[in-house]
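S.K.: Take a look and give me a structure for this.
(2 chains)
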Protein chains: 2
Amino acid sequence: MKSSFSDYSAEIEKYLRDMTYPSGDLEGLYGPVAYGMTAGGKRLRPSLLMMAADAFGGCCEAALCPAAGMEMFHNFTLLHDDVMDNSDTRRGRPAVHARWDVNTAILSGDTMLTLATRMVSEVPDTILRPVLDAFNTMALRVYEGQRLDMDFEKSDSVSIDDYIRMISFKTGALLAASARIGALIGGASAEDAEKMAEYGMMLGIAFQIQDDWLDVFGDAASFGKPIGGDINNGKKSYLLLMGLSAGTPGSEALAEAMKLPAGPVKVKTVTRIYEKMNLSGICREAVARYSAGAISALKATSLSDSDREPFRRLVEKLTGRRR
Amino acid sequence: MKSSFSDYSAEIEKYLRDMTYPSGDLEGLYGPVAYGMTAGGKRLRPSLLMMAADAFGGCCEAALCPAAGMEMFHNFTLLHDDVMDNSDTRRGRPAVHARWDVNTAILSGDTMLTLATRMVSEVPDTILRPVLDAFNTMALRVYEGQRLDMDFEKSDSVSIDDYIRMISFKTGALLAASARIGALIGGASAEDAEKMAEYGMMLGIAFQIQDDWLDVFGDAASFGKPIGGDINNGKKSYLLLMGLSAGTPGSEALAEAMKLPAGPVKVKTVTRIYEKMNLSGICREAVARYSAGAISALKATSLSDSDREPFRRLVEKLTGRRR
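M.R.: Here you go, the predicted structure:
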């Protein structure tokens, strides 16, 4: 039977809570792993994997361990990204490198990557090869995306195409692989698995652009991080890149405003320019476009209308969120 | 036909030299990978894998990619270990984090781990599961060993058993997995693969104790790193731990000498105490004991005497080295 996203999410949450790790003198290695895995969050990636397995195969139990593996991979990237971005807080708690130290974050992160590979490989032998290939290919894409993201910080010539490629690597690839691996576990054909991966990719791109929008126009009380963080950090977000490349007088004003010192004045000034240039609307349109792409990919699968329903609702849920 | 260690090593060296990596705007991610992989070295792990594949199957070509994957894994650990140990030089060149930066070493290291997993998985589907299991289990052991090694630095109660367990994780596990995976690729039975893993484990322990010995008694001109580094860094080596736990007047003198400031006087004083306590001899005996363990494991396999010969010679080569 087909459930909703939040049912899968709750099931994953329970599975993750019940996981045990080696302790004793290995506590120093696995303690930070457990800490990272119990920080909560939407559990988007494993839930999507479960949903896809269920849609194609109607069996969910078998997908739990690989699904948790995708969450483990995601959390591994957070551990290492937080070190690289020098970001001390994660979901309202100290990041691993802040709570312990950088060496611990590096080594426990490595451990999470291998644990993730092992958990995702807990599938029948008949699909081990395609699942493992999908996982490793995805992982390389994610590192490539992180590298590009870091390089963009120092570059003055990042185009919208560059940006879309970067987020398709850094965010899209993991959602694509989650949907693909779930479909494979459910017994989907190669064609259906491919279409589901496309669904995940489009969803991931829409999700990231939405995230950029929320960073400026989100509900401050519920977004979970300070509004305007991207503006203050000079991050090459979808809004900033679209604004700078518009070639209108607003573009010049925006470039000037981005030179202001970080603080509420900068956030307010840039936000006002974004509004004048209708970048909020342009952003919403892009989210709608990629969401539509996700829905078309979904329609191209052999799934019935009712089996597609939870995936359609997931798109709505993620792109309609205010936080 | 069975060749010698140096033939395999040369073949691997050529394979690694011919490997290509994505370039263009991904140069920042893969350039440091290529740099790490072309630093030379003995190529011990992949050569052992090739040797085992050849001994059991007589086919070597198919083992090249997985063998190179083991070297990739080894080099990944060096990248991250050098960051954790704050060690700026590796094989006479700047370490990746010194030549580029810490973030690059972290991210390109992650990339190497995934590349390694992918390369080691390039085996027939029939043995993919056991090969992957051996690889992932080994990887976790290596992280556990590195964690213990870091924890030992701050501990005053490290026993010889702790030390042996640590090096069996940090060094032994990778040689054991190399021998095991090579044997599996060659078509060895589960029993033979197990015995080969034991051979690799014993060889790895002997190799590491030998390394500790060389750090004090090696040939300064050819060892490749300054003699006495372990003494100056207060590293809990086999010699130091054996000396401290002897419970003789020498133990007290040794504990005192270890408090001296780093420098040639400390190295000379500690070395003289080691000599007085016959720790060089005790160390040589331990190397001989683990070498004998490697040979017994080898003899317990179904290999013919002539097929065992290269493995026997490898033990001699590694434990007889002066650098």
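S.K.: So the residue most central in space within chain A: helix, strand or coil?
M.R.: Per Cα atoms, centre = their mean, the C-alpha nearest to the average position across chain A is that of A:Thr171, at 4.4 Å. Here A:Thr171 is recorded as helix under DSSP: H, G, I helix; E, B strand; the rest coil.
S.K.: Isn't it up against A:Leu203?
M.R.: No. Under the criterion of Cβ atoms under 8 Å, A:Thr171 is not in contact with A:Leu203, lying 9.6 Å apart. Placement of C-beta: from N, CA and C, glycine included.
S.K.: re the thing from before, could you measure the residue nearest to the centre of chain A against chain B, distance?
M.R.: Distance, A:Thr171 to chain B, using Cβ to the nearest Cβ, to the nearest Å: 16 Å.
S.K.: Would you mind measuring from that residue to B:Cys60?
M.R.: 42 Å (Cβ to Cβ, to the nearest Å).
S.K.: related to what we said a few turns ago, tell me the contacts of the residue nearest to the centre of chain A?
M.R.: Shown in contact with A:Thr171 (Cβ atoms under 8 Å, 6 or more residues apart in numbering or on different chains): A:145, A:204-205, A:207-208.
S.K.: want to throw these into JSON lines with distance to A:Lys154?
M.R.: Converted to JSON lines, the contacts of A:Thr171 look like this (distance: Cβ to Cβ, whole Å):
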{"residue": "A:Gly145", "distance to A:Lys154": "16"}
{"residue": "A:Gly204", "distance to A:Lys154": "25"}
{"residue": "A:Ile205", "distance to A:Lys154": "24"}
{"residue": "A:Phe207", "distance to A:Lys154": "26"}
{"residue": "A:Gln208", "distance to A:Lys154": "21"}
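S.K.: Restricted to buried residues, select the residues you listed in PyMOL.
M.R.: Of these, the buried ones go into a single PyMOL selection, burial set by 16 or more other Cβ atoms under 10 Å in any protein chain shown:
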select buried, chain A and resi 145+204+205+207+208
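S.K.: which ones among the contacts of A:Thr171 are found in helices?
M.R.: In helices, judged by DSSP state H, the following of those are found: A:145, A:204-205, A:207-208.
S.K.: What is the nearest of these to chain B?
M.R.: A:Gly145 (9.9 Å; Cβ to the nearest Cβ).
S.K.: and the closest one, what is it in contact with?
M.R.: A:Gly145 neighbours (Cβ under 8 Å, 6+ apart): A:166-171, A:173.
S.K.: if we go to 10 Å?
M.R.: A:77, A:165-174, B:29 (Cβ atoms under 10 Å, 6 or more residues apart in numbering or on different chains).
S.K.: Show me the shaky parts of the stretch 101-250 of chain A.
M.R.: A:221-225 (pLDDT under 70).
S.K.: Determine the number of other residues adjacent to the closest residue in space to A:Leu148 that isn't next to it in sequence.
M.R.: Among residues not flanking A:Leu148 along the chain, A:Met166 sits closest, at 4.3 Å (Cβ to Cβ, 6 or more residues apart in numbering or on different chains). Taking other Cβ atoms under 10 Å in any protein chain shown as the criterion, the count of residues near A:Met166 is 23.
S.K.: With A:Phe152 as the reference, measure out to A:Glu275.
M.R.: 24 Å.
S.K.: if we can go back for a sec, A:Pro66: which of the contacts of A:Gly145 is nearest?
M.R.: Nearest to A:Pro66 among those: A:Leu174, at 13.4 Å, using Cβ to Cβ.
S.K.: so which strand or helix has that closest one?
M.R.: helix A:173-186 (DSSP states H and E).
S.K.: sorry, back to before: out of the ones in helices among the contacts of A:Thr171, give me the two with the largest separation.
M.R.: Every pair of the ones in helices among the contacts of A:Thr171 checked by Cβ to Cβ; the farthest is A:Gly145 and A:Phe207, at 13.7 Å.
S.K.: Spit out the residues that contact those two alike.
M.R.: A:167, A:171-172.
S.K.: who in the stretch 151-300 of chain A is up against chain B?
M.R.: Those residues of the stretch 151-300 of chain A that sit near chain B, judged by Cβ under 10 Å from any Cβ of the partner chain, are A:151, A:155, A:162, A:165-166, A:169.
S.K.: Just those residues: which are in helices?
M.R.: Counting by DSSP H, the part of those found in helices is A:151, A:162, A:165-166.
S.K.: Now the buried members of these.
M.R.: Buried members of those, counted by 16+ other Cβ under 10 Å: A:151, A:162, A:165-166.
S.K.: my read: A:Ile181 touches A:Leu128, true?
M.R.: No. Assessed by Cβ atoms under 10 Å, A:Ile181 is found out of contact with A:Leu128, at 11.2 Å.
S.K.: Those two: which has the busier surroundings?
M.R.: Neighbour count, other Cβ under 10 Å: between A:Ile181 and A:Leu128, A:Ile181 has more, with 33 against 19.
S.K.: can you tell me how far the more buried one sits from chain B?
M.R.: 15 Å.
S.K.: Helices of the stretch 201-323 of chain A, residue ranges please.
M.R.: All helices of the stretch 201-323 of chain A, identified by DSSP state H, counting those that start in this stretch, fall at A:229-233, A:238-244, A:249-257, A:264-276, A:279-299, A:305-320.
S.K.: Could you check the angle the fourth one makes with helix A:279-299?
M.R.: Spelled out, it's helix A:264-276. For helix A:264-276 against helix A:279-299, the angle by axes from the mean of the first three to the mean of the last three Cα atoms, to 10 degrees is 60 degrees.
S.K.: Out of the ones in helices among the residues of the stretch 151-300 of chain A next to chain B, which comes closest to chain B?
M.R.: A:Asp151 (5.9 Å).
S.K.: Touching, the closest one and B:Asp25? I think so.
M.R.: Yes. A:Asp151 is within contact range of B:Asp25, at 7.2 Å (criterion: Cβ under 10 Å).
S.K.: what is in contact with these two at once?
M.R.: Shared contacts of A:Asp151 and B:Asp25 (Cβ under 10 Å, 6+ apart): A:162, A:166.
S.K.: From A:Phe311, how far off is A:Asp101?
M.R.: Counting by Cβ to Cβ, the gap between A:Asp101 and A:Phe311 amounts to 41 Å.
S.K.: So between the two, which is more surrounded?
M.R.: Neighbour totals were compared for A:Asp101 and A:Phe311, and A:Phe311 leads with 24 against 14 (other Cβ under 10 Å).
S.K.: which residues touch the closest residue to that one other than its chain neighbours?
M.R.: Once flanking residues are discounted, A:Phe311 sits nearest to A:Leu298: 5.3 Å by Cβ to Cβ, 6+ apart. Neighbour list for A:Leu298: A:55, A:179, A:195-196, A:198-199, A:202-203, A:307-309, A:311-312, A:314-315 [criterion: Cβ under 10 Å, 6+ apart].
S.K.: again, only this time at 6 Å
M.R.: Applying Cβ atoms under 6 Å, 6 or more residues apart in numbering or on different chains, we find A:Leu298 in contact with A:199, A:308, A:311.
S.K.: from the residues you listed, which is closest to chain B?
M.R.: Among the contacts of A:Leu298, and counting by Cβ to the nearest Cβ, the member closest to chain B is A:Tyr199, at 24.1 Å.
S.K.: how many other residues sit next to that closest one?
M.R.: 31.
S.K.: elements contacting the host helix or strand of A:Glu13?
M.R.: Using DSSP H and E, A:Glu13 maps to helix A:5-18. Judged by 3 or more Cβ pairs under 6 Å, 6 or more residues apart in numbering or on different chains; DSSP states H and E, helix A:5-18 is in contact with helix A:44-57, helix A:64-84.
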